[in-house]
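Fold the following and give me the result.
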Amino acid sequence: MNNFIRIVLGIMFLSCGREASFTVTGDVEGLDDVMVYFELGARQVDSVKAVGGHFEYKGNTLEAPEYITVSSGNNQWGGRFWAENSRIKITGSATGSCEITGSRTEDEYQLYREHMKPVWMAKEAANSMEDSVFMEFARRYPRSQVSLNHVYNCRLLHKYSFPRLNVLFQCLDTTAFKGRQWNTFMEVYNIDRKLQPGCTFPAFSFPDVFDTSLSLADYKGRYLLVTIGLAGLDEYENGLLSRKELYDQYADKGFTMMDILLERNKEKMIKVIANYGIKWDLVSDCKYWDCYIVREWGIDHICQNFLLDREGKIIEADMTRPSNPRTIEVLDSLVSL
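Model (predicted):
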């Protein structure tokens, strides 16, 4: 797999026109009478038979370039490449290396790999270098799907904070993109943008264990720490004692807390209240991960904390945990105002 792609940097030789669909023609020595499979993500989309090393596949029109996996039925050959609406050729050996021509996006991807290699080799220093090095590439290729793919992965896989992500996003020419990956990214990006400091927190209404409906308006005039939790999950329950200490320290200083739990029923909520002596509000619509906030607020991990001011505006969208000394510093500065 590692030797699969040895790219020919031939952007200048690519056709300037756009094909109505894409074709992949392969001449790969050693592929004799085996099936060749094409996958998009984790989904197999089609297959063709290689005879005497030759195969030809015609795919449907792509709305945007897609990263495709190709492999032989005997699992002895395969790799990945960026497909687009063009005539793509794979030539080489099943036991050696192959080269791909005909895909501008694949050419750009290989340039990207070379550009980012110093970062990936640096290991410890990678985090501090990666953004600036990528931005150099993105400014050269602001319309490339490869640039979008990097930003997409920074949010969906690596969970970049919105401010950090937004710096990278500004390097893209957003008029150039469409398709599945762009739509998915923009859905998440637009949700994140509405949950940043200074924005009014989304309205909500949830029942507590006594079926009393609680909304954001009920907390007006107090600083509010909203935590997304799940009873029984170690990550949530291991932090309850430090959160109880935080509540006790600031409850009489215009501060309170609310936990929105992604539960199936109220039984675990009641146990949490009894076991830890919880004095703040625990609420849930008992719809588990089908709770509307998962979709509308972009919740993708437990113990996400939002700190709100007295008017319900966001002070911090990813507040540090109560056990973190910074949390005390932030609350001290607020309650002293």
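
drop to CA atoms for contacts and neighbour counts, all remaining ones
Fine.

Distance of the closest residue to residue 203 other than its chain neighbours relative to residue 298?
The spatially closest residue to residue 203, leaving aside those adjacent along the chain, is residue 216, at 6.0 Å (Cα to Cα, 6 or more residues apart in numbering). Residue 216 sits 18 Å away from residue 298, going by Cα to Cα, to the nearest Å.

circling back: so what's the residue nearest to residue 203 up against?
203-205, 312 (Cα atoms under 8 Å, 6 or more residues apart in numbering).

need the residues you listed in JSON lines with secondary structure, can you?
Output for these, formatted as JSON lines (DSSP: H, G, I helix; E, B strand; the rest coil):
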{"residue": "203", "secondary structure": "coil"}
{"residue": "204", "secondary structure": "coil"}
{"residue": "205", "secondary structure": "strand"}
{"residue": "312", "secondary structure": "coil"}
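
Now that we have these, which of them are buried?
residue 312 (16 or more other Cα atoms under 10 Å).

returning to what we had before: residue 121 versus the residue nearest to residue 203, what's the distance?
The gap separating residue 216 from residue 121 is 48 Å, by Cα to Cα.

Surely residue 314 is in a strand?
Yes. The assignment for residue 314 (three-state DSSP) places it in a strand.

Could you give the bridge partners of it?
residue 308 (DSSP bridges).

do the same with residue 56
Beta bridges link residue 56 to residue 25, judged by DSSP bridges.

neighbours around residue 168, how many?
If you count neighbours by other Cα atoms under 10 Å, residue 168 ends up with 21.

pLDDT at residue 43, what is it?
With respect to pLDDT, residue 43 scores 72.

At which residues are the helices of the stretch 201-337 of the chain located?
234-237, 240-250, 267-276, 292-296, 325-335 (DSSP state H, counting those that start in this stretch).

can I see the domain layout of this structure?
What automatic domain parsing lists as the domains of the chain is 11-102, 108-194, 205-335.

So what's the gap between the shortest one and the chain middle?
Domain 108-194 sits 11 Å away from the centroid of its parent chain (Cα atoms, centre = their mean, to the nearest Å).

How about the last one?
On the basis of Cα atoms, centre = their mean, the separation between the geometric centre of domain 205-335 and that of its chain is 24 Å.

how long is that domain end to end?
From its first residue to its last, domain 205-335 covers 26 Å (Cα to Cα).

Give me the pLDDT for residue 60.
pLDDT, residue 60: 89.

residues touching the closest residue to it other than its chain neighbours, list them.
Closest residue to residue 60 apart from its sequence neighbours, by Cα to Cα, 6+ apart: residue 21 at 5.5 Å. By Cα under 8 Å, 6+ apart, the contact list for residue 21 reads 58-62, 84-86.

need the strands for the stretch 1-150 of the chain, in chain order.
Secondary structure of the stretch 1-150 of the chain by DSSP state E, counting those that start in this stretch: the strands cover 22-29, 34-40, 43-50, 54-59, 66-72, 78-83, 87-93, 98-101.

what is the mean pLDDT for the shortest one?
Strand 98-101 shows a mean pLDDT of 96.

ok so, going back, going through the contacts of residue 21, which ones are buried?
With neighbours counted by 16+ other Cα under 10 Å, these contain buried members at 59, 62, 84-86.
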